[in-house]
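Q: from the sequence below, what's the structure:
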Amino acid sequence: MSVALIACSNGYGHTRRLLSIYFALQNKGIKAKLFAKKKYVNKIVKLYSLSSPNYLDFDSNTNIENLINGKALDWEYKIPSLKKYKVVVSDNLPDILSIREDAILSGSFLWHSSLKKINSKLKSKHEFLLSNKKPIMISSQLFTPKYLLKQTDLRKVGLYSFNKTINKKNNQKKNLLISFGSNGNPKKFERFLNKKIKNNEITDFFDKIWIEPSLYSNNLPKNCFKASYSKEMYNALNAAIIRPGIGTISELLENKVNIIMYFEKNNLEMQENANTIKKLNLGIILSNYEHLIKLINSNNYIIKNPNFNINFNGAKEAVNIIMSKL
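A: As a prediction, the model looks like this:
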């Protein structure tokens with residue numbers, strides 16, 4: 001093996017990014033192994049009709065809860081030996097520098113700079129490692145916060161894609177996605193949406209509403225369906241109400257979907273992503289969720305003259321950086 005790819009276990013986006021890098025490496029004839037949660041790998045492989053990668057079912061236990069309570073400390077000492085790998089890439093996890101000083105980081109934020117309530121020992125550890133090693137970090141240019149320039153040897157690339165062929169149709173359907181990701185949890189907003197959907201205050205405006213599986217129930221109106229996250233679902237969307245993780249945003253931008261963003265206020269990564277999309281005139285931030293119905297009713301969620309001229313060659317560009325270290 002030449003390259004080890006280690007995923008943060010906080011949601012699908014980290015594994016999605018590394019899988020796109022994995023297959024871009026494969027296309028160059030470079031062997032790699034992915035270290036990620038089995039359920040994340042299998043889900044993404046199925047969604048994108050990918051071949052099964054070479055991977056190890058590995059949970060770094062670095063979800064937000066564990067980053068806050070400290071249980072994410074020292075995960076790097078639980079991973080199998082990495083000595084045989086020429087290059088190690090760690091997605092959003094600088095802890096790897098404790099055992100591989102030459103490791104490359106990937107991602108578009110750092111937990112200690114974006115999560116206000118992160119465990120103090122973890123924060124100190126991350127700051128120490130970064131200040132002493134200043135590793136290469138591969139980040140999507142569109143979502144790169146300024147602090148990465150100071151803390152890492154930053155290399156900017158495009159967004160990550162599995163090179164789907166998008167033929168955005170000019171159909172008249174108005175389909176909506178409601179999704180907050182596997183680790184998003186704005187409970188008050190969820191209850192608000194559930195009530196409005198059941199009362200047909202949202203459903204009347206859309207032909208189909210795709211709802212995140214954890215929010216779906218069988219007693220919803222007939223035009224509500226459990227979100228499949230397939231390319232067919234994304235391709236038929238008119239709008240999406242989301243927590244703005246980069247993986248979800250990338251899919252929506254690639255499919256030219258109107259984006260409505262809502263997120264927890266203590267997550268600086270979500271704020272940074274949302275502000276970027278707003279500044280680019282590619283989506284809107286819902287600062288008060290009670291304004292949602294009025295927004296939908298007036299069609300003010302539809303972005304006028306959006307610029308979807310976006311670089312989706314992130315995986316190929318990341319591989320060029322990795323190959324320079326082989």
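
Q: so where do the strands sit in the stretch 51-200 of the chain?
A: 55-57, 87-91, 104-106, 136-140, 153-157, 175-179 (DSSP state E, counting those that start in this stretch).

Q: to residue 311, which of those strands lies closest?
A: Judged by Cβ to Cβ, the one of those that comes nearest to residue 311 is strand 153-157, at 7.9 Å. To be clear about C-beta, it is placed using only N, CA and C from the backbone, and glycine gets the same treatment.

Q: can I get that closest one as CSV, trimmed to CA atoms?
A: Taking Å, rounded to 0.1, in the frame of the first residue of the first chain, the C-alpha atoms of strand 153-157 are listed here in CSV:
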residue,chain,number,x,y,z
ASP,A,153,0.7,24.8,4.8
LEU,A,154,-2.5,25.3,2.9
ARG,A,155,-3.2,23.9,-0.6
LYS,A,156,-6.5,24.8,-2.2
VAL,A,157,-8.4,22.6,-4.5
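
Q: tilt between that strand and strand 136-140?
A: 30 degrees (axes from the mean of the first three to the mean of the last three Cα atoms, to 10 degrees).

Q: okay, buried residues for the lowest-mean-pLDDT helix or strand in the chain please.
A: Using mean pLDDT, DSSP states H and E, helix 187-198 stands out as the lowest-scoring helix or strand of the chain, at a mean of 80. The neighbour-count check on helix 187-198 (16 or more other Cβ atoms under 10 Å) flags 189-190, 193-194, 196-197 as buried.

Q: so which of those residues is the closest to residue 258?
A: Closest to residue 258, out of all of the buried residues of helix 187-198 and judged by Cβ to Cβ, is residue 193, at 17.0 Å.

Q: hmm, that closest one is touching residue 202, no?
A: Yes. If you go by Cβ atoms under 8 Å, residue 193 and residue 202 touch, sitting 7.4 Å apart.

Q: where along this structure do the helices fall?
A: 12-27, 38-47, 64-69, 111-114, 120-133, 147-151, 187-198, 231-235, 246-254, 268-279, 292-297, 314-323 (DSSP state H).

Q: would you single out the least confident of these?
A: Looking at the helices of the chain, the lowest mean pLDDT belongs to helix 187-198 (a mean of 80).

Q: neighbours around residue 174, how many?
A: 17 (other Cβ atoms under 10 Å).

Q: I figured residue 278 was touching residue 284, is that so?
A: Yes. Using Cβ under 8 Å, residue 278 is in contact with residue 284, at 6.4 Å.

Q: neighbour count winner among these two?
A: Legend: neighbour count by other Cβ under 10 Å for residue 278 and residue 284, higher for residue 284 (18 against 15).

Q: how much space between residue 242 and residue 257?
A: Residue 242 is 9 Å from residue 257, where distance means Cβ to Cβ, to the nearest Å.

Q: shared neighbours of the two, anything?
A: Residues touching both residue 242 and residue 257 (Cβ atoms under 8 Å, 6 or more residues apart in numbering) are residue 177.

Q: look up the closest residue to residue 92, ignoring the ones flanking it.
A: residue 107 (3.8 Å; Cβ to Cβ, 6 or more residues apart in numbering).

Q: give me the pLDDT for the one you found.
A: So residue 107 comes in at 95 (pLDDT).

Q: I figured it hits residue 16, correct?
A: No. Residue 107 lies out of contact with residue 16 (Cβ under 8 Å); the separation is 11.8 Å.

Q: overlap in contacts of residue 193 and residue 202?
A: Overlap of the contact sets of residue 193 and residue 202 (by Cβ under 8 Å, 6+ apart) consists of residue 292.

Q: give me the neighbour count for the nearest residue to residue 193 once chain neighbours are set aside.
A: Leaving aside its chain neighbours, residue 193 sits nearest to residue 178 (6.3 Å; criterion: Cβ to Cβ, 6+ apart). Applying other Cβ under 10 Å, we find 23 other residues in the vicinity of residue 178.
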